[in-house]
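Q: just to be clear, the model below is a prediction. Sequence and coordinates:
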Amino acid sequence: MNAGGHVALLGDSIFDNAGYVPGEPSIIEQLREALPAGWHATLLATDGASAADAAEQVTQLPPDVTHLFISAGGNDALNESDVLREPAQTVSDALHHIARVQSRFRLDYETLARRVRRSDTPAVFCTVYDAIPSLSAPAAVALTAFNDVILRTAFLLRAPVIDLRRVCDEESDYSTVSEIEPSSRGGAKIARIVAEVATRHDFSIRRSVVYP
């Protein structure tokens, strides 16, 4: 196990969930509890951030940071949700709409990945979860286009991935304040897997591994 690391959380409200768990611990608090003695954690993620915003967060890294965890893409998908209401006469038409949206997201996510790579700091990328209680079937299918970009980018960088679709897979993992955000229970699950990957993954091997 590594000792004395410094984890930085980048991205959106998947990590910055304090406003959605009133009276309960946020993810950054839970992560600090889950990390071994001597480790530190910094929250750079902000509620509402897109992949482009996360790219800017890379410029704010503490000088002693040792690990980056990035959760971005959910707001990009939310901002593009109007695509689900666009008219389409065939399935092919609908897929063309999704492909157009995916292409825009890919440009922003690749910019984020380049900045992460230039930082020369071990990084872990997170998929966007899809067990949100009210998420419609079409929205869940469209979300796979965003997750495909995340996975392909992480694999290209030979970086580990936390598949949040497998972490937050129960209704109780989502906040009652806003069900697209992690509850304290879901946050605890995220904090545990972040701490586990930060302290146990061998980043020297430069190999993509999907957790959990």
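A: Looks like it arrived, so ask away.
Q: now the phi/psi pair for A45, please.
A: A45 adopts backbone torsions of phi -60, psi 150, taken as degrees, to the nearest 10.
Q: now do the residue nearest the centre of the chain against N147, distance only.
A: With distances taken as CA atoms, centre = their mean, S71 lies nearest the centre of the chain, 1.8 Å away. Note on S71: its distance to N147, by CB to CB, to the nearest Å, is 12 Å. In this view, the C-beta of every residue, glycine as well, is placed from N, C-alpha and C.
Q: are there residues contacting both of the two? Which ones?
A: Common neighbours of S71 and N147, using CB atoms under 8 Å, 6 or more residues apart in numbering, are V128.
Q: that older thread, D16 is in contact with the residue nearest to the centre of the chain, correct?
A: No: between S71 and D16 no contact is recorded; they are 9.4 Å apart, counting by CB atoms under 8 Å.
Q: quick check: neighbours shared by the two?
A: Both S71 and D16 are in contact with L9, A45, where contact means CB under 8 Å, 6+ apart.
Q: now name the helix or strand holding the residue lying farthest from the centre of the chain.
A: Centroid-distance maximum for the chain: Q89 at 33.6 Å, with CA atoms, centre = their mean. Q89 is part of no helix or strand when elements are defined by DSSP states H and E.
Q: all the helices of this protein, residue numbers only.
A: For the chain, the helices defined by DSSP state H cover 27-34, 51-57, 74-79, 91-119, 137-156, 164-167, 184-200.
Q: among these, which comes closest to Y129?
A: Nearest to Y129 among the helices of the chain is helix 164-167 (4.1 Å), distances taken as CB to CB.
Q: neighbours of R118, how many?
A: Number of residues near R118 (other CB atoms under 10 Å) recorded here: 9.
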